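**Student:** my questions are about this predicted structure, shown below with the sequence.
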Amino acid sequence: MGGYGDVQLLRDDGLRLDGRKLDEMRPVSIEAGILPAADGSAMVTHGLNVAVAAVYGPMEAHPRKIQRQDRAVIDVRYNMAPFSTGDRIRPGYNRRSREISKVTAEALESVVLVERYPRSKIRVEIEILAAEAGTRCAGITAAAVALADAGIPMRDLIVGVASGKVEDTVVLDLDKAEDNYGQADLPVGILPNTGEIAFLQMDGDLSPDEYNLAMEYNFKAAAEIHEIMVDALKRRYEGGEN
Amino acid sequence: MSNGQNGAELRLVTPGMAIGPSAGIRVGSGALAQNDTIIATRLGWVKEFNNTVSVDPINSAYMPRSGDLIVATVAEVRNNLWFMNINGPFQGLLPMSLAPWKVEFGAARQHMGIGDVVLARVQEVDECHNVVLTMKGVGLRRLTQGSLHSVPINHLDRLRGEGNATLQRLRDACDCRIIVGENGKVWVDGDAEGTAWARQAFDLVRNSGHKDTFEADLTALEKNTPKNGDA
C-alpha cells in the first residue's frame, strides 16, 4: 500500500526518498541568543524547517483578567511567515496556528516552574521562517532553548520530535512528501532527562506495535536533539569564568 | 556570582541536567531535588558552598526585595497611586502617601505621568508579591534629565566591581553621573559623548560580563574615552 494515490515514498532499497534510513533524522542545528531585544531567543534549523523563538518576561500579565494568582501564564504565539512555504500563506492568526499555540503553551507549562512567578506572564513568540513538515516540533524545541536562554526556571528542556507511518512502515521525522501522503503522524514533546511526555498528538492510525516503534524512534531522536540543545546553550556562553 | 574562590570546579548546567546525589546536601536556588538527584532548573554555573548546591543563573528576572534601590518607570496612574514598571515580573505600587510631594486625591497625574522615571526604594514585598515602593528618603527623586539604559541583573556585580571600583572607573571615564538600580536599570546623566561612551561600556557588560576577558576589554575601552578625544 503506497499511502494516497500512486506516490511512492520508500525506495526499493528500503531507504526513503531523500536517502535517509527509516530511523534517521533530518539534520538539526540550533543557535541560542540570536535576537538582542528578546530576553531569550533561539533558532532551530531542522531539515528545511527554520523556526525562531523569542521569550519576553516574566512580566506583568495584561489584560489583568488572564492573571493567575498562584502561577504565571505562558502566552505562546506560533506563526508561519507568509513566505515560509511555496504557496504564500495569508498573514495572521488562523485555526491551525491557534491550535499549535495552545498545545505548545500547555506543553511548556508542564516544564516551566510557573509557580515561581504568580500573576505574571511569560511571552513566547514562535515564528516559522521556512516550513517543510514538523514545524510545531521545531517550534517547541526552539521555545525550550529560548526559555533556558532567558533564565526561566524549568524542570527539563522539552524536545519536539515526530515520527509516522508511510507505506505501512514506521519512519522517524517525516519530511513534506511523507507528511502529505503518509498514513500517520505522531508528534510528541519529550522531557529527555525524565523520559516524560509533555504533549502528544496523533494524526492517522497506528497499531500498538507501530505506536511503540514510533515512540522508540521518537525517544532516540529526542536524546540526539537534546544534546544539540545543550551544546547550543553552552556554546553561547563559552569563555565564561563566573 | 559564583567566583570559584573556594577552588571548586565551575560547571555550566542546563535545565534538567543532573548535578549530583541529593543525600545529605541542601538544595539552593536554581536547583531541585528529584528522585534522590539534584537537578538544575536554570542555565547557569553550579555553586557549592556550605553543603548547599545552587545554580548561579546566567540570565534571570529581577525579583524585588525590601530595601532595593531601583530605577522605575511610571506604567499607570490612578487617582491616588502610580503603578511602576520595575523591570520585573510584577509592577510596583507607589502610593501618594509615599511620594515626596504633598499630593491631593485625584492630582497624581499633575506630579508624574506615564513614562516618567524615578529613583525609588522597595519598601515592602509581601507573600503575594505585591511590591510597594517609596520615594521618601535621601536622594530618592524623579529623574528629569539623563537617559535610561539596561544591564542584565546577573552582571550588576561586574558593572559595580569590588567596592564600586569599576563603576567609579566608568564615572571618571565618561564624566557622567551614573546610578545603578538593583533592577538592572541604569540612569546616566552627562553630555552626549560621555553618555555614548557609557552606553558602549554597558554593551560590553551585557555581552562580555560573563567572560574572563571582560577586564581587558574594559581597559581597552577606557583608552577611547571622551577625555582622550576618541569617543
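**Tutor:** Thanks, I have it.

**Student:** quick one, helices of chain B?
**Tutor:** B:108-111, B:156-160, B:165-174, B:192-208, B:214-222 (DSSP state H).

**Student:** kindly present these as CSV, with separate columns for mean pLDDT.
**Tutor:** Shown next, in CSV, are the helices of chain B (pLDDT from 0 to 100):
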stretch, mean pLDDT
helix B:108-111, 90
helix B:156-160, 91
helix B:165-174, 92
helix B:192-208, 91
helix B:214-222, 88
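
**Student:** out of those helices, nearest to B:His129?
**Tutor:** B:His129 lies closest to helix B:156-160 among the helices of chain B, at 21.0 Å (Cβ to Cβ). C-beta here means a position set from N, CA and C on the backbone, and glycine is covered the same way.

**Student:** what is that closest one packed up against?
**Tutor:** Helix B:156-160 makes packing contacts with helix B:165-174, strand B:177-180, helix B:192-208 when contacts are defined by 3 or more Cβ pairs under 8 Å, 6 or more residues apart in numbering or on different chains; DSSP states H and E.

**Student:** indicate whether the first one makes contact with chain A.
**Tutor:** No. Taking Cβ under 8 Å from any Cβ of the partner chain as the criterion, helix B:165-174 and chain A are apart, separated by no less than 14.1 Å.

**Student:** quick check: angle from that helix to helix B:192-208?
**Tutor:** Going by axes from the mean of the first three to the mean of the last three Cα atoms, to 10 degrees, helix B:165-174 is angled at 150 degrees with respect to helix B:192-208.

**Student:** CA atoms of stretch A:154-170 as CSV?
**Tutor:** Below are the C-alpha coordinates for stretch A:154-170, written out as CSV (Å, rounded to 0.1, in the frame of the first residue of the first chain):
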residue,chain,number,x,y,z
MET,A,154,12.4,24.7,34.1
ARG,A,155,12.3,21.1,35.1
ASP,A,156,13.8,20.0,31.8
LEU,A,157,14.5,21.0,28.2
ILE,A,158,11.5,19.8,26.3
VAL,A,159,12.2,18.4,22.8
GLY,A,160,9.7,18.3,20.0
VAL,A,161,10.1,15.4,17.6
ALA,A,162,7.8,13.4,15.3
SER,A,163,7.6,10.0,13.7
GLY,A,164,4.9,8.5,11.5
LYS,A,165,3.9,5.8,9.0
VAL,A,166,4.4,5.6,5.3
GLU,A,167,3.6,2.6,3.1
ASP,A,168,2.8,0.6,6.3
THR,A,169,6.3,1.3,7.6
VAL,A,170,7.1,3.4,10.7
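
**Student:** which pLDDT value belongs to the residue nearest the centre of chain A?
**Tutor:** In chain A, the residue lying closest to the centroid (Cα atoms, centre = their mean) is A:Cys137, at 2.1 Å. If you check A:Cys137, the pLDDT there is 97.

**Student:** ditto for A:Gln8
**Tutor:** 85.

**Student:** quick revisit: okay if I get the helices and strands packed on helix B:156-160 as a markdown table plus mean neighbour count?
**Tutor:** Shown next, in a markdown table, are the helices and strands packed on helix B:156-160 (neighbours: other Cβ atoms under 10 Å in any protein chain shown):
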| stretch | mean neighbour count |
| --- | --- |
| helix B:165-174 | 18 |
| strand B:177-180 | 18 |
| helix B:192-208 | 19 |
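
**Student:** so which of the ones you listed is nearest A:Ala81?
**Tutor:** The minimum distance between A:Ala81 and those falls on helix B:192-208, with 28.2 Å, by Cβ to Cβ.

**Student:** which elements pack onto the helix or strand harbouring A:Met229?
**Tutor:** In this structure, A:Met229 sits in helix A:208-236 according to DSSP states H and E. Helix A:208-236 sits against strand A:28-32, helix A:135-149, strand A:159-166, strand A:169-172, strand A:184-191, with contacts defined as 3+ Cβ pairs under 8 Å, 6+ apart.

**Student:** who's in contact with A:Ile66?
**Tutor:** A:Ile66 makes contacts with A:73, A:75, A:121, as judged by Cβ atoms under 8 Å, 6 or more residues apart in numbering or on different chains.

**Student:** how about residue 60, what does it touch?
**Tutor:** You didn't pick a chain, so chain A it is. Contacts of A:Glu60 (Cβ under 8 Å, 6+ apart): A:119-121, B:75, B:85, B:89-91.

**Student:** nope, chain B
**Tutor:** Contacts of B:Ser60 by Cβ under 8 Å, 6+ apart are A:151, B:42, B:153-154.

**Student:** confidence-wise, which of those comes last?
**Tutor:** Ranked by pLDDT, the contacts of B:Ser60 bottom out at B:Asn154, which has 86.

**Student:** residue contacts, that one?
**Tutor:** A:151, B:1, B:56-60, B:209-210 are the contacts of B:Asn154 under Cβ under 8 Å, 6+ apart.

**Student:** export these to a markdown table and tack on distance to B:Thr134?
**Tutor:** Below are the contacts of B:Asn154 laid out as a markdown table (distance: Cβ to Cβ, whole Å):
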| residue | distance to B:Thr134 |
| --- | --- |
| A:Gly151 | 28 |
| B:Met1 | 28 |
| B:Asp56 | 30 |
| B:Pro57 | 28 |
| B:Ile58 | 32 |
| B:Asn59 | 29 |
| B:Ser60 | 25 |
| B:Gly209 | 30 |
| B:His210 | 33 |
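
**Student:** about what we covered before: out of the helices and strands packed on helix A:208-236, flag the one nearest chain B.
**Tutor:** The minimum distance between chain B and these falls on helix A:135-149, with 4.7 Å, by Cβ to the nearest Cβ.
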